[in-house]
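K.L.:
when you get a sec, could you give me coordinates for this:
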Amino acid sequence: MLGKLTLEAIPLHQPIPLIAGAVVAAVVLGVVAWIVLAGHLPYLWREWITSVDHKRVGVMYCLLALVMLIRGFSDAILMRSQHVFAYKAAGYLPPEHYDQIFSAHGVIIIFFGAMPFMIGLMNFAVPLQLGVRDVAFPTLNSVSFWLTASGALLVNASLIVGEFARTGWWPAPPLSEITYSPGVGVDYYLWAIQISGVGTLMTGINFVTTILKMRAPGMSYLRMPMFCWTALAASLLIVAAFPILTATLAMLSLDRYLGFHFFTDSHGGNSMMFMNLFWAWGHPEVYILALPAYGVFSEVISTFSGKPLFAYRSMVLATMSICLLSFTVWLHHFFTMGPGGDVNGVFAITSMIIAVPTGVKIFDWLFTMYGGRVRLTSAMLWSLGFMVTFVVGGATGVLLAIPPADFVLHNSMFLVAHFHNVMVSAVLFAAFAGYTYWFPKAFGFRLDEGWGKAAFWFGITGFVIVFGAFYWLGLLGMTRRMQHYDVADWRPWILVSAFGVVVMVAGVACTLIQLVVSIRRREELRDVTGDPWDGRSLEWATASPPPVFNFAALPEVHGEEAYWAIKSRAREQLRLREEPDYAPIEMPLNSATGFICAFFATLIGFAMIWYIWWLAAAGLVGAFLTFVVFAWRDKVEYEIPASEVARINRANRATRLEALQGVGQRRAA
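P.N.:
Numbers count the residues shown, from 1 in each chain. Model prediction:
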């Protein structure tokens, strides 16, 4: 009745996962108990769990990402500490556990940390920047988030029920085939990524539709903020690339479940085809993460330099060039696997060409700062730190694009250093910059700058120490994924990298302290005007936090920086624009569809992992009935009266008028 699931699936003989799982379960149960006993459950259900408001969905994405980043970072701590104790010794992690840790680390950071953070920022900011009320498909947006959360839940369930994959973050055959991985680890990987991948694909469709078809009056494509352009490019990549991943993992699932032979070389399959298909998705995935990050840096650098973005149209061209070129470079991930000199040469050239539009962006950001009044806030520090470290990572990427160099450095710690150098500095630095930048818009108060700057300095210092040591270890010949080692020359640099992780832990602690301190000082840090940074795009025209309808009347856009033009005119005239003609606004009703679908998706995934066929069938029926009920709803929207719209908008206008009067008084003085 329970398929392969038995008590042996619980790792009673492995104290580390057992204790970690018990601690996580205790924390989750404690939080749930506090929510219920304190009477917060109705509010949480009404305002968050069932919300289809893009801002709430975006915040939930970012919260999930923060939790998963900490979870993934804990795996990194385990790996680095294992190496401290594994010199001419076995260390404290057995090989099968160590293999699961480095696999889970990559999967969690990429799929459930970095990607949800970027999608969360897109969810929150893009509709506001476009001057619209929500995304094109609000309920689909909620479903997308909850499917992502379902995938994250399945990955973490493997900590205490069964095992996770031991294949690395990409499950390459033949290691991932049933012959060499007979356990449930690869199945946890397959179902977690397939379920969350469906959610991501729906997100891509949602944002392509929103950006192409829903913009404020007068906002042409070349008047959109740069973050909207990078969100569009990333969403186009999602729509084009994620079906490749879905099909590839479906074929691997058929190999494992039904004895097909898509990737088994001995039975007419081709394991190299898996590598081609996976990386045909995998390198666009790099830019699915990096492009929104570039958009965040564009917004932050322009705002805190007090200038429009330099050469805006060249940035647009560079963004869309990267979008197209990202599909022409995948083979550089396996130069060493025998494609041949001619093929390697072609992909080496395209891998170098794609660095050109990224270089254009770096110079545009530098020229944006040149001559500006740069304010070194923590968000700006993350942006500057990105530019310095990313250039180093990009240079090593061009080096690895040279096939002879790649033959020497492939599969070494040099490659690990390069990948982290570009992805951490681009995506995670952007995540923290965007988190700091848009936090007051989301919650109505700023984050404490002192702790934010401390988090930056600890974070970037530890980052440079860890991956600087990795580069050197790679040049010394250390390969990745080693559970223990006995080369004396590696030992000092491994200890250096471990010290760097300690410094990064201090940065994580500062980030958490910053949040706690900011909440306690929220009245002192309150954003009363809705424009705490003297911003330039339309999200800063709304209150902080914005009302559910975002704008009392959709703004009329004239020029590339819509809000800056409105604000400059108001400062010159020392008066606000005329009040709009208020009218009732229709907004989508909350829906539990996303949460319920995720519940059934989790049941289906868990049942398929453990071969519990009746539970999988029940989950499919439940998911189908959920969509039937959703499709047959009679009422899909509710109306906000014009009087309520006027009341909310006038309160925001009053605070902005007071700020304008302050400007006038300072000018007179």
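K.L.:
which other helices and strands does the helix ranked longest in the chain contact?
P.N.:
With residue count as the measure and DSSP state H as the assignment, the chain has helix 271-305 as its longest helix. Using 3 or more Cβ pairs under 8 Å, 6 or more residues apart in numbering; DSSP states H and E as the contact criterion, the secondary-structure elements in contact with helix 271-305 are helix 115-130, helix 226-258, helix 312-325, helix 355-369, helix 378-400, helix 413-423, helix 429-443. Every C-beta, even on glycine, is put in place using the N, C-alpha and C of the backbone.
K.L.:
try it again with 10 Å
P.N.:
helix 115-130, helix 185-213, helix 226-258, helix 312-325, helix 355-369, helix 378-400, helix 413-423, helix 429-443 (3 or more Cβ pairs under 10 Å, 6 or more residues apart in numbering; DSSP states H and E).
K.L.:
just checking, Arg215 touches Gly131?
P.N.:
Yes - the pair Arg215 and Gly131 qualifies as a contact (Cβ atoms under 10 Å) at a distance of 6.8 Å.
K.L.:
between these two, what contacts are shared?
P.N.:
224, 554, 557 (Cβ atoms under 10 Å, 6 or more residues apart in numbering).
K.L.:
neighbour count for Arg215 and Gly131, which is higher?
P.N.:
When Arg215 and Gly131 are compared on other Cβ atoms under 10 Å, the one with more neighbours turns out to be Gly131, at 26 against 21.
K.L.:
so the more buried one is in contact with His558, correct?
P.N.:
No - Gly131 is not in contact with His558 according to Cβ under 10 Å; the separation is 11.9 Å.
K.L.:
joint contacts of these two?
P.N.:
Between them, Gly131 and His558 share these contacting residues under Cβ under 10 Å, 6+ apart: 217-219.
K.L.:
among the residues you listed, which ones are buried?
P.N.:
Members of the shared contacts of Gly131 and His558 that pass the buried threshold by neighbour count (16 or more other Cβ atoms under 10 Å) are listed as Met219.
K.L.:
now the shared contacts of Gly131 and His558 in a markdown table, with pLDDT, secondary structure and distance to Ser425?
P.N.:
Below are the shared contacts of Gly131 and His558 laid out as a markdown table (pLDDT from 0 to 100; DSSP: H, G, I helix; E, B strand; the rest coil; distance: Cβ to Cβ, whole Å):
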| residue | pLDDT | secondary structure | distance to Ser425 |
| --- | --- | --- | --- |
| Pro217 | 94 | coil | 38 |
| Gly218 | 93 | coil | 36 |
| Met219 | 94 | coil | 31 |
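K.L.:
quick check, nearest of the shared contacts of Gly131 and His558 to Ile108?
P.N.:
The shortest separation between Ile108 and any of the shared contacts of Gly131 and His558 is 37.1 Å, and it belongs to Met219 (by Cβ to Cβ).
K.L.:
average model confidence for the helix or strand Gly151 falls within?
P.N.:
When elements are defined using DSSP states H and E, Gly151 is found to belong to helix 138-157. On average, the pLDDT along helix 138-157 is 96.
K.L.:
one step back: from the shared contacts of Gly131 and His558, pick the one nearest Ser298.
P.N.:
The shortest separation between Ser298 and any of the shared contacts of Gly131 and His558 is 16.9 Å, and it belongs to Met219 (by Cβ to Cβ).
K.L.:
how near is that closest one to His558?
P.N.:
Separation of Met219 from His558 (Cβ to Cβ, to the nearest Å): 10 Å.
K.L.:
repeat for Phe439
P.N.:
From Phe439 over to His558 (counting by Cβ to Cβ), the distance is 29 Å.
K.L.:
same check, this time on Leu140
P.N.:
Note on Leu140: its distance to His558, by Cβ to Cβ, is 32 Å.
K.L.:
over to Asn141?
P.N.:
30 Å.
K.L.:
so those two - more neighbours on which side?
P.N.:
When neighbours are counted by other Cβ under 10 Å, Asn141 comes out ahead of the other of Asn141 and His558, with 29 against 13.
K.L.:
closest to Leu7 out of the shared contacts of Gly131 and His558?
P.N.:
Out of the shared contacts of Gly131 and His558, the one with the shortest distance to Leu7 is Met219. That distance is 59.5 Å, counting by Cβ to Cβ.
K.L.:
surely that closest one and Pro555 touch.
P.N.:
Yes - with contact defined as Cβ under 10 Å, Met219 counts as touching Pro555 (8.5 Å).
K.L.:
report how many residues lie close to Ala454.
P.N.:
By the criterion of other Cβ under 10 Å, Ala454 has 19 neighbours.
K.L.:
OK, contacts around it?
P.N.:
Counting by Cβ under 10 Å, 6+ apart, Ala454 has contacts 378, 448, 506-507, 509-511, 513-514.
K.L.:
6 Å instead, please
P.N.:
Residues touching Ala454, when contacts are defined by Cβ atoms under 6 Å, 6 or more residues apart in numbering, comprise Cys510.
K.L.:
shouldn't it be within a helix?
P.N.:
Yes - following the definition DSSP: H, G, I helix; E, B strand; the rest coil, Ala454 is counted among the residues of a helix.
K.L.:
how far off centre is the longest helix of the chain?
P.N.:
On the basis of Cα atoms, centre = their mean, to the nearest Å, helix 271-305 sits 10 Å off its chain's mean C-alpha point.
K.L.:
could you do stretch 328-335 as well?
P.N.:
On the basis of Cα atoms, centre = their mean, the separation between the geometric centre of stretch 328-335 and that of its chain is 24 Å.
K.L.:
mind saving the C-alpha coords of that stretch as CSV?
P.N.:
What follows is the C-alpha trace of stretch 328-335 in CSV, where atoms were taken according to Å, rounded to 0.1, in the frame of the first residue of the first chain:
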residue,chain,number,x,y,z
THR,A,328,24.5,29.4,-28.9
VAL,A,329,27.0,28.6,-26.2
TRP,A,330,25.8,25.5,-24.3
LEU,A,331,28.5,23.2,-25.6
HIS,A,332,31.3,25.0,-23.7
HIS,A,333,30.1,23.0,-20.7
PHE,A,334,31.6,19.9,-22.1
PHE,A,335,34.5,20.7,-24.4
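K.L.:
this completes my enquiry, with thanks.
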